[in-house]
Structure formats: C-alpha cells, structure tokens
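With the input below, show me the fold.
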Amino acid sequence: MKRTLLVLMVVLAVLSLGFAEKVVNYGIFEDITTTNLWNIIGPGSTTWNFTVQLWKWGSLLGMNKDGMVVPSLAADVPGLVKEGDYWTVTVPLRKDVKWSDGVPFTADDVLFTYNTVQELQIPGGNWSGAYEPEKVEKIDDYTVKFYFKEKKTMTIFFDTLMTAIAPKHFWEPYVEKAKTMPDPAQWLLQQNTVEPGITALDITKWEKGAFVEASRVVDDYWAEGEKGLFYENGGYVIDNPKTGFHWESSNPKPEGKVTLVVETGPFVDRLTWRIYGNRPAAVQALLSGDIAYIPNPLGLTAGELQQVQGQPGIEIVTNPALGFRYIAFNMRKYPMNIKEFRQAIAALIDRDYICNRVLQGKAIPLATPVPPANSYWYNPDVKTIGEGLNRGERYLLAIDLLKKAGFSWLIPPKIDPSNTRNPVVRKGKGLRGPDGKLVEKIELMAPSGEYDPMRATAAIYIEQWANDIGIPIEVKLTDFNEIVTRAFDEVDFDIYMLGWGIGRVPTYFKSFWYSKEAAPQGFNTPGYNNPEFDALIDEFERADNFEQAREVIMEAQELLAEDLPYVVLFTTPLYEAYRADQIVFPFTDALDGIQNYYGFPESVKTVK
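The predicted model follows:
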C-alpha cells in the first residue's frame, strides 16, 4: 500500500511538472502609453508600444529573415497590373486565419482598416501607406482588390500592403461612435481597449509603471505548428500542417538543404514585460535572473556589455544594427531654417572623435541615414561636412559658413588651427544673425545618460563645440517620452537628438523628409520641404525594379547631406544578452538583432 502511494505521488509530481505554467519575463525601460492599434501605429508609435504589442497584428505581406517579401495574411505575393486609369493589386487572403476571439479573418477586416484610416484621417506616419489606395474593393470573402492612381511600386508593396490590419467586428462600434464626435480621429485614438490580435497570446494585464502581461487566450490556435523553412539557395517555404496552407517562393524556388526552420508556438503560457525606470536596474535584473531578455533597439552599452560578459547563464549576441542616431533641426524656426547654420553645426561635429575616442569604438560614424550594413542601399560616396579636418579647421569652416550667411559676433571667436590640442584662442560671444539681432538660447533636447549614455555624451560635446564659437546651444537631458511629444506631437523644439530603427528598404525616406509628411500629421519633424527631394522620392516609389530605385536613393542621400534636415551621427553594432539558461530563440543571427523581432513572443521557448 505504501509503495503504491509512493508511486502515485511520483507520477503526480511528474505530471505537475509537465503541466506547470511556462512563464518568460522580459525587461523594458519605459512604460507603454496605449493599447489602441490606431494610436500605436499613429502618433503613439513609441519603441515600447511596438515592442510589447505590434507583433500581435498581421499585415497582408511581410518580410522574412533574409529580406524576402512573403505573404502574411495574404495567401500569395500579388502583382501590380495596369487596368485603364488605375494600377491594381488583387490580393488573395488566407482562409485559415482567426482572430484571438475565434472570429475568422476576412476581406471585411481589410476594407474596414483602410477605409477607417482614410475616412477618419487617422494621423501618424506609420499609417501613410493606408492613404495610398484610391479605393479597396471586396471581390469575395477572401479576395481584395486595391486601386491606385499612380504606380508607386515601393510604397504599395512595402507600406500599403504591410499595413497592420484591425479586426472589424471589434472596432466597428467604436468607429461609428467616433463619427458622431467633434474630432472623430482623436476620440478613437483615446480609447484604451485591448482588442483581439491574430495571435494566441494577447495583453491580459497592464499595471502602469510596473509591468505588461500577455497570456495565452487561444487553445486551438490556427498558426500553432506553422513552419517557415529557409533553404540554402535563398528559397523559402511556409507550411502549416494543421490547416493545410502551403506557400513556396518562386524567385528563387526552394532547392537544396533546409538551413533553418522557424516554428510558430506559442511555447509559453505567459510573457511579462517588467518596466524598469532606468537601464542599470534592468541589467541587474538580467544578471539576477529576474528577466530573461531586454528587447531594446539600442542594444547594450559598452559598460553594460562588460557587466554581463562571462556571467553564468548569459549568452552575448552581436549583430549589425539597422538604425541610426541623429539630431533634427526645426526648420520652421530661426536660425535652424538657415542652411549654412545647419551646415556649421554639422561641420563642428567630429563623428570620428565621438565614436572612436569618446565612445571607444563602440559606435560607427555615419554620413547618411542608410547604415553600411544595409549595403545594397548605402551610398559610400557621401561625405560629411568637415570630414578629415582637425578640430581647429572645423571651427574655421563653421565660422566661414556662418559669415557666408550673414552672421556676426559681438566678440568674434579666434582660432589657431595649428594648435591641435586647444585651438580656441578666444571663444566667440554674442552671435548675431543676418538681421543683426542676437541669437537667443537654442535648446538641444537629448535622452538622459541612464536611457542612452551614447547620445547624452554626444550632446554634451556638440554643446561644447558650438559654445566655443559663440553658438548658444544648451543641452537639456530630457525624458524620452517628453522628447517624442514635443518633437512629433507639439512640434515645439529647436533641436532634438533621438534615434530611428528602420527597415531594410528605405521607404522611410518619405516618412522622415517628404514635404507632405510634416509633423504632427507625419514624421517629418524638421518640416523639410525641398521639391527636388520630393521628386526623387516620387521617382523611387514608381521604380520598376530595385536597381532603378537604388540609383534614386543614392542621389537622395547626397541631397540630404547637403540640406541637413538631420545631422546623422552614428550607428552601433547591436550587442544583446539573454539568459540561455532560461530561454531559447529560434535564431539569433539577424540584421538588427533579436529585438527586431520583439523577442519572438510566439516562438521563444523555455529551457527544459
């Protein structure tokens, strides 16, 4: 009897281990600000809103690890066809997709999303692709047809057809009520509701300032067990044995060995993002095992990397970054609206010194908004103003540029370029503009050292170099969310410093600098307005192939380096760390790192 009871206890213990809840904890630096898809893709498009939530919605098309355009909610990658006065794209939809509340995904969801954005005029640069179709037509429950006035090939495939799709059955009552409000779009953006996604995990709890929790809400998940298969020749296959969906790439057709298989889970029951007010606290939590990973587009700093290297259970991953840090000028305001003033600031900024001396080689100086790792689109011939000059020569170049534009000083700066250690003989004071009036204090907002020590440090050096020749720049180390609000929503700034995570295909050139994308409606925070640049972007969008589009982007990079709505500063190798004794990712070698996949919420596995 005792032996039988002992065996039973052992069996129950084993079963309890098998059914134990699988929980993974991640760490983030800032809280999310909304759970509303329209806001997340729109004006609320912060890093942390994307990281914690964007993975739960689908788009018609996507890109795989190798940068190939692949179907997501679509059943195939469609073509662009000329029909009368229109260019059309007919998209077949997958018939096996369900929202997390069990409602089937259909063409009605697609039409509803694009029509809502256009009818309510939802703001925000990430919705820009939804404004492109002249109309969207439902052919049947699983086929939609887009009509475009112009052949904007790149925008159509990389913006319009990669727009997140909203569930009609959930949002339709909200949208109808919004239409009765004085400002329909703003009312809709303010609704903080948790809607169904196309995933098995969904947000189930948000304790503001503490954590966000996603739990499994679907038992019979349509995508569970679906595999993405990568072949050695670059071919790709999507195979879902549960529903029977199967898709293969045509160029190239999959041949040879399968080099990687990525399977959809989820393999965890609950994923929690714990919110830490500063980076040191999050890194300490990683070291102690309280969290398994920190999804951060900036990666680890040099100091943090030293902290985690060699620590038991921690794996270090290094990948090329797909992003850049920059300063942006408010070109609506004086003197930032004067090109020579912007060029003078650019001439003062010695990227090589900042990256190699100050940041000790942990950053890579950039001349353009296309990082070198994105080699197909990168223009290596673009040079920065002052490149190759020493500190004194940079001062003289900046002074000459200011004089050319009509600036003067009450006390002119005096520079000795032969003195390489300290070329400033006399600091300039009382900078006067072309109108003869004193230039008032110019505020440079930058994130704090706790948030991003690289940018905080670079900002201090820029302030010092500018002050040396009498430009009254004053750094204000500012909370990340405040910078975003002032720059993108209020458009109330002089100069700010932030960073962008970007896509492989530089459709972001339109979002950041096209004249019609000016903030607050879009992401063109400087208010840059150059018809020549706009014409290049129009040509890029209508390109027949990547080769033609590439030539245009090369020229656009040269124009931006001349006009300088941004001064692009640097990028970094992306260093990440995770607890290999707690979790397993489907892969770790990826342009822009694990964070570009938000930590694989539905593919991460716990260590057995």
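
tell me the centre residue of this protein?
Gly501 (3.5 Å; CA atoms, centre = their mean).

Assess the claim that it and Asn596 are in contact.
Yes. Assessed by CB atoms under 8 Å, Gly501 is found in contact with Asn596 at 7.4 Å. For glycine as for every other residue, the C-beta is placed from the backbone atoms N, C-alpha and C.

If you count contacts, what does the helix or strand containing Thr259 end up packed against?
Element membership of Thr259, judged by DSSP states H and E, is strand 258-263. Judged by 3 or more CB pairs under 8 Å, 6 or more residues apart in numbering; DSSP states H and E, strand 258-263 is in contact with strand 227-231.

Export the strand it packs on to PDB, keeping only CA atoms.
What follows is strand 227-231, C-alpha atoms only, in PDB (Å, rounded to 0.1, in the frame of the first residue of the first chain):
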ATOM      1  CA  LYS A 227       6.900  26.500 -40.000                       C
ATOM      2  CA  GLY A 228       9.000  28.900 -42.100                       C
ATOM      3  CA  LEU A 229      11.700  26.900 -43.900                       C
ATOM      4  CA  PHE A 230      14.800  28.600 -45.200                       C
ATOM      5  CA  TYR A 231      16.700  26.900 -48.000                       C
END
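
Residues that sit against both of Gly501 and Asn596, list them.
297, 322 (CB atoms under 8 Å, 6 or more residues apart in numbering).

Which pLDDT value belongs to Trp549?
I think there's a mix-up here, since residue 549 is Ala and not Trp. Per-residue pLDDT puts Ala549 at 87.

residues in contact with the residue nearest to it when sequence neighbours are not counted?
Excluding the flanking residues, the one nearest Ala549 by CB to CB, 6 or more residues apart in numbering is Ala543, at 3.8 Å. The neighbours of Ala543, taking CB under 8 Å, 6+ apart as the test, are 153-154, 549, 552.

just these now: which is nearest Asp452?
Asp452 has its nearest neighbour among those in Met154, at 30.8 Å by CB to CB.

Wait, Val69 touches Met63, no?
Yes. Counting by CB under 8 Å, Val69 does reach Met63; the two are 6.0 Å apart.

got the residue ranges for the strands in the stretch 51-200 of the chain?
Per DSSP state E, counting those that start in this stretch, the stretch 51-200 of the chain carries strands over the ranges 61-63, 69-71, 81-83, 86-92, 135-140, 143-148.

so what secondary structure elements neighbour the fifth one?
Okay, so that is strand 135-140. helix 107-120, strand 143-148.

got the contact list for stretch 416-436?
Against stretch 416-436 from outside (CB under 8 Å, 6+ apart): 334-335, 338, 390-393, 395-396, 399, 402, 405-415, 438-439, 467-472.

can you do 7 Å?
334-335, 390-393, 395-396, 405-415, 438-439, 468-472 (CB atoms under 7 Å, 6 or more residues apart in numbering).

Number of residues surrounding Ile411?
Using other CB atoms under 10 Å, Ile411 has 12 neighbouring residues.

partner residues bridging it?
As for beta bridges, Ile411 partners with Lys429 under DSSP bridges.

So it versus Thr51, what's the distance?
For Ile411, the distance to Thr51 equals 49 Å [CB to CB, to the nearest Å].

With Leu397 instead?
Taken as CB to CB, the span from Leu397 to Thr51 is 41 Å.

just Lys339 next, same as before
In terms of CB to CB, Lys339 sits 37 Å off from Thr51.

And Val218, by the same measure?
22 Å.

contacting residues around Thr33?
44, 46, 49.

before we move on, the earlier item: neighbour count winner among Leu397 and Thr51?
Taking neighbours as other CB under 10 Å, Leu397 and Thr51 compare with Thr51 leading, 22 against 19.
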